[in-house]
Each structure stands twice: as C-alpha cells, then as structure tokens.
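>>> Generate a structure from the sequence data that follows.
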Amino acid sequence: MEDRVVKLNVKNIIFYFLGFFIVGLGAVMFYRANFGAGPWDTVTYNLSALLKATRGQTSMIISSTLMLIVIIYNKNLRFLFMLVPILSVGFAIDFWDILVFGDNFNLLARVLLFIGGMLSLPFGLALVIHTGFPAFVFDELTIMIMKITKKGLKPVRLSIELTGVLLGTIIGFIAGIKFGAVGIGSFVVAAFIGSFIHYYLNLLKRLKV
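Got it, this is the predicted structure:
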C-alpha cells in the first residue's frame, strides 16, 4: 500500500466520518442477516454477550486494545487520534443496532441485509483510508502487518479476518453461546472483504474524489 497523503479539507472530513457511519451500518446489517457477522464483528457481538455490554461498547474495548498494539509498534502517539474512529464506529453500531434495526427478518430480507453489509462495510473502510487520515484500527493494523511481513493487502487482510473469526468463536464458547455471531457468512466476508476494499480504493482513485 502506498504512503498516504493527508489533505485536511472539508471533503475529506466528510468522507472520514461518513465512512465510520457506513462501517457501523454494514456491521449491524451482517449481524441482523444472521448468516454470520463480519469476522471481527463476531468478536464484538460475542464479547457483548460475555460482558453484558452493548455491541458499540465492546467494539470500543476491542479497538482500543488493538490501537495500543499499533501505537507500540509505530512508537508514535499520533495514532491516539484513532480514538476518534473508535468512538465514532462504536456509537454508529449502537445507533443502527438499537435505534434503527428490528428483529425477525424473513429469508429474503436477511439475504438483502447480508448483501448490503458486504457492499457497505468495505466501502466505508475504503472512504476512511482514502482520506489519508488515521484509519480505523483494523486498517492501521493491516498496514502495520503489511510493513512487517512485506505481503500485499489481500493476504494480510485475510489472515486478520480469519483471526477475528477464531477469536470470536473462542469468546462465544466462553460466553456459553457457542458460535454466537460466527457463521458461514463470517468466512465469506473474511474471504472477500480485502478484495472489496481494494476495488473501492481503486475506484475512488480513478474518480479523483
């Protein structure tokens, strides 16, 4: 991934926060589809069952932990700015999950929700990365591991997502809900989200937005 150039302007600020709002939407759409949440969203949802907290709160806990890892590796406190996306996505998840979406969707609605999540979540992530501002913690983690391993975006992202599925499964069994939010959809997202992010980044670059 090429070095990012930060341009502080109104467009990028709008894209930045819009991206977080869309990420929260995609995460909740995956969960409500009930085919399996996104890989790291399985950690969020299963941990919420263990801690009896909202999904937005557990998202903040997980992301803050990973943020510390990124800060330690980079030895740069500027990554504390990731508290902005951590809080933004946490609040966005609770907004969509508690205030907007209901339960008991039929099969067609669940399929549409899953497709919507597959399209929206990586788009939101791509918007955030495209601004050049500190990305959401999983994207900064991806960039960090790419630097360490000298591997490309797709294999690194796949390994991170599969780690999320494994961790989510472990937490689910500890919480007594077995697989919980982990399902076949989790593996579909893990397999394709890197490609979708890569596609959206290239599209935004071509459009010169």
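>>> so where's the protein uncertain?
1-7 (pLDDT under 70).
>>> Who are the contact partners of residue 162?
Each residue near residue 162 by CB atoms under 8 Å, 6 or more residues apart in numbering is listed here: 39, 190. Heads up, the C-betas are built off the backbone N, CA and C, glycines and all.
>>> just checking, residue 79 touches residue 69?
No: with contacts defined as CB atoms under 8 Å, residue 79 does not count as touching residue 69, sitting 9.9 Å away.
>>> what ranges do the helices span in this structure?
Listed in chain order, the helices of the chain (DSSP state H) span residues 10-33, 39-51, 55-74, 83-94, 107-131, 137-149, 153-175, 184-207.
>>> about what we covered before: so residue 79 and residue 69 - more neighbours on which side?
A count of neighbours by other CB atoms under 10 Å puts residue 79 above the other of residue 79 and residue 69, at 20 against 14.
>>> neighbours of the residue nearest to that one when sequence neighbours are not counted, just the number please.
The spatially closest residue to residue 79, leaving aside those adjacent along the chain, is residue 71, at 4.8 Å (CB to CB, 6 or more residues apart in numbering). When neighbours are defined as other CB under 10 Å, residue 71 has 16 of them.
>>> separation between residue 71 and residue 81?
Computed as CB to CB, to the nearest Å, the residue 71 to residue 81 distance reads 10 Å.
>>> what do you get for residue 32?
31 Å.
>>> Residue 32 contacts residue 113, correct?
Yes: contact between residue 32 and residue 113 holds when scored by CB under 8 Å: they sit 5.3 Å apart.
>>> Now list whatever residues contact both of those two.
Contact criterion CB under 8 Å, 6+ apart; residues shared by residue 32 and residue 113: residue 105.
>>> Would you check how far apart residue 124 and residue 168 are?
Using CB to CB, we find residue 124 at a distance of 20 Å from residue 168.
>>> For residue 152, give me phi and psi.
phi -80, psi 170 (degrees, to the nearest 10).
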